[in-house]
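Q: All I have is the shape, not the residue letters:
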């Protein structure tokens, strides 16, 4: 039986919040592409309020980023106004 290779080798996008001494960092990792957009939208919706507390965004763990992923990140974080993005 042939396997579905659509997501073969893909790394699903993930995120985490790290609070150290009142400085909250949102860390993004994996592939932020159109392939995973609907899935990550659901995950973000479940935690959206806490995402706005982030003062920094760490994007160094992103392995792949397309226009859809970049737009989603921008649209999601624009109201939170993190002061530092790396």
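A: Yes, it's here. Nothing here was measured: the structure is a model prediction, and the numbers come from that model. Residues are numbered from 1 along each chain as shown.
Q: Which residue, other than its chain neighbours, is closest to residue 13?
A: In space, residue 13 comes closest to residue 30 once its chain neighbours are excluded; the distance is 4.2 Å by Cβ to Cβ, 6 or more residues apart in numbering. All C-beta spots, glycine's among them, are computed from the backbone N, C-alpha and C.
Q: burial count for that neighbour?
A: Neighbour count of residue 30, defined by other Cβ atoms under 10 Å: 19.
Q: in the sheet, who's paired with it?
A: With DSSP bridges applied, residue 30 shows beta-bridge pairing to residue 62.
Q: residues in contact with it?
A: Residue 30 makes contact with 11-14, 36, 61-64 under the criterion Cβ atoms under 8 Å, 6 or more residues apart in numbering.
Q: from these, which single one is nearest residue 47?
A: residue 14 (11.9 Å; Cβ to Cβ).
Q: From residue 27, how far off is the closest one?
A: Separation of residue 14 from residue 27 (Cβ to Cβ, to the nearest Å): 9 Å.
Q: How far does the helix or strand encompassing residue 38 sit from its chain's centre?
A: For residue 38, the element it lies in under DSSP states H and E is helix 37-51. Relative to its chain's centre, helix 37-51 lies at 9 Å (Cα atoms, centre = their mean, to the nearest Å).
Q: other SSEs contacting that helix?
A: Helices and strands touching helix 37-51, as assessed by 3 or more Cβ pairs under 8 Å, 6 or more residues apart in numbering; DSSP states H and E, comprise strand 14-20, helix 67-77.
Q: let's go with 7 Å and repeat that
A: Counting contacts by 3 or more Cβ pairs under 7 Å, 6 or more residues apart in numbering; DSSP states H and E, helix 37-51 packs against helix 67-77.
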